[in-house]
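A.B. asks: Give me coordinates for this.
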Amino acid sequence: MNTQINEEKRFFIHTLGCKVNQYESQAIRELLVKGGFKECLTKEIADIYIVNTCTVTHKADKESRYWLGMFHKTNPNARIVVTGCYVETNADDVSFLPGVAHIVKNEDKSRIAEILKGLDGVKGEPLSITGFKGHEKAFVKIQDGCENRCSYCKVPLVRGPVRSKPLRDIVREVEGLVANGFKEIVLAGICLGTWGKDPVSSVIAKEVGLKEASLKDVLKSLDSISGDFRIRLSSIELRYVTDELIEFIAGTKKMCRHLHIPLQSGDDEILKRMNRPYSAKDYMRLINKIKRKVPDIAITTDMLIGFPGESDKHFRNTVNFIKEMLPARTHIFTFSRRKGTAAYDMGQDLKIDVLKKRYHELRAATLSTSYLFRRDFLGREFGILVEAKRDKQTGMLSGYTGNYIKVHFEGPDSLTKSVVPVKIKEASLLYTIGEYDRS
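C.D. replies: Residues are numbered from 1 along each chain as shown. Alright, predicted model coming up:
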């Protein structure tokens, strides 16, 4: 690899993947600026490219390699720093690509400024943020690593065991973001519900005066921070949605009435092959409990289609489950065979035409369930956190309610990044239209 130290300090960051990666890119951005580097507004004039990669699917791997080639083509003399999950298992493949000067593992992301300066062995500052470039909401990483072993998932291999950010650091970070004007804080993690369950959890628990620590303790501490802002959980697995968590969400105004709980399949046989620790009936039972305890809550989910051995019957069970569950929104993924996972050697992949047909059928079902959820709120007024940019398709302002309904409405640009009252007037399969209360 080319390790020549370049005196130029103009950098450009490109991020792929999850909210944790987005948080870490923002933290890297702040560390570099603090270290005397300057961020470019456009990629064409950068001397340093930082690609924060993802490896959750084959498509993510391909996109990571694409951007490495693209940046080298843009400026062949620039140094390219490759970090993120893709390099955890594919560092050798990346190291021979043109322009790649540094490969940085996830655990060393805090040292990127020192690495670029050639200060090997110097410890970097812990990752933290004071802002979130280009966003009206801020993601805050409070946890890393995963203790689950879903048969299709490569993430535990590249993110390692669970680790929790100390509560005092979380509170300090959120206090700073709220003071800097952010109206929504999204708590993110690789397996968010495991906060406090790692080997140092006893230390974390002592901070809050308990024998054991849980995610509720984080929420309780953040709820006590003064200021007009709301708190959202990015994603949480079913097994970590406890009765005390549900009761807390129901009892505080700061918590968004929204939980993203991945399902993956509505068929018990497929769930078992996926090594998911619940049945479809378990999942439905919890969803019904949440809806009883927290009025107006939105439940969103993830679905994985095309898992090895998924028959038409298995898929039909999934579609029927979704129609009964009525999620507010569903992210649909197709199975991607990942080396090192238990599912890597399970059967053959489904044919592309079968996958496409199933995708479109499930997509149609989830659009319908989303519409049915949103339709119930016609005539209701909500606080909308207005996004930083206008919607490209409609040219309207848009933003989310606390219960995760994206609403489009007419209004001046001065409303961006603020929470404004909007009454929901119309709902269709694709859009929810509102009216801004100017009074």
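A.B. asks: Dihedrals phi and psi, the residue lying closest to Glu184 once chain neighbours are set aside?
C.D. replies: Counting by Cβ to Cβ, 6 or more residues apart in numbering, the nearest residue to Glu184 once its immediate chain neighbours are dropped is Lys137, at 3.8 Å. C-beta coordinates here come from the backbone N, C-alpha and C atoms, glycine included. Main-chain torsions, Lys137, degrees, to the nearest 10: phi -120, psi 160.
A.B. asks: quick one, domains of this structure?
C.D. replies: Domain assignment for the chain by automatic domain parsing gives 10-116, 129-256, 257-375, 381-436.
A.B. asks: Of all the ones you listed, which one comes closest to Lys123?
C.D. replies: domain 10-116 (7.0 Å; Cβ to Cβ).
A.B. asks: Check the offset of that closest one from the chain's centre.
C.D. replies: 18 Å (Cα atoms, centre = their mean, to the nearest Å).
A.B. asks: Report the rounded mean pLDDT for that domain.
C.D. replies: On average, the pLDDT along domain 10-116 is 95.
A.B. asks: got it, and stretch 409-419?
C.D. replies: Average pLDDT, stretch 409-419: 96.
A.B. asks: what comes up buried for it?
C.D. replies: Along stretch 409-419, these residues count as buried under the neighbour rule (16 or more other Cβ atoms under 10 Å): 409, 411, 415-417, 419.
A.B. asks: Just flag the most distant two among those residues.
C.D. replies: Counting by Cβ to Cβ, the most remote pair of these is Phe409 and Lys417, 15.2 Å apart.
A.B. asks: before we move on, back to that, need the buried residues of stretch 409-419 in a markdown table (columns: distance to Ile290 and secondary structure).
C.D. replies: Shown next, in a markdown table, are the buried residues of stretch 409-419 (distance: Cβ to Cβ, whole Å; DSSP: H, G, I helix; E, B strand; the rest coil):
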| residue | distance to Ile290 | secondary structure |
| --- | --- | --- |
| Phe409 | 29 | strand |
| Gly411 | 33 | coil |
| Leu415 | 32 | helix |
| Thr416 | 32 | coil |
| Lys417 | 30 | coil |
| Val419 | 24 | strand |
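A.B. asks: Where does the prediction get shaky in the protein?
C.D. replies: Within the chain, the stretches with pLDDT under 70 are 1-8, 121-122, 200-211, 439.
A.B. asks: can you map out the helices along the stretch 151-300 of the chain?
C.D. replies: Here the stretch 151-300 of the chain has its helices, by DSSP state H, counting those that start in this stretch, at 155-159, 167-179, 201-207, 215-223, 243-251, 268-273, 280-293.
A.B. asks: so which of those gets nearest Thr334?
C.D. replies: Of all those, helix 268-273 sits nearest to Thr334, with 13.7 Å by Cβ to Cβ.
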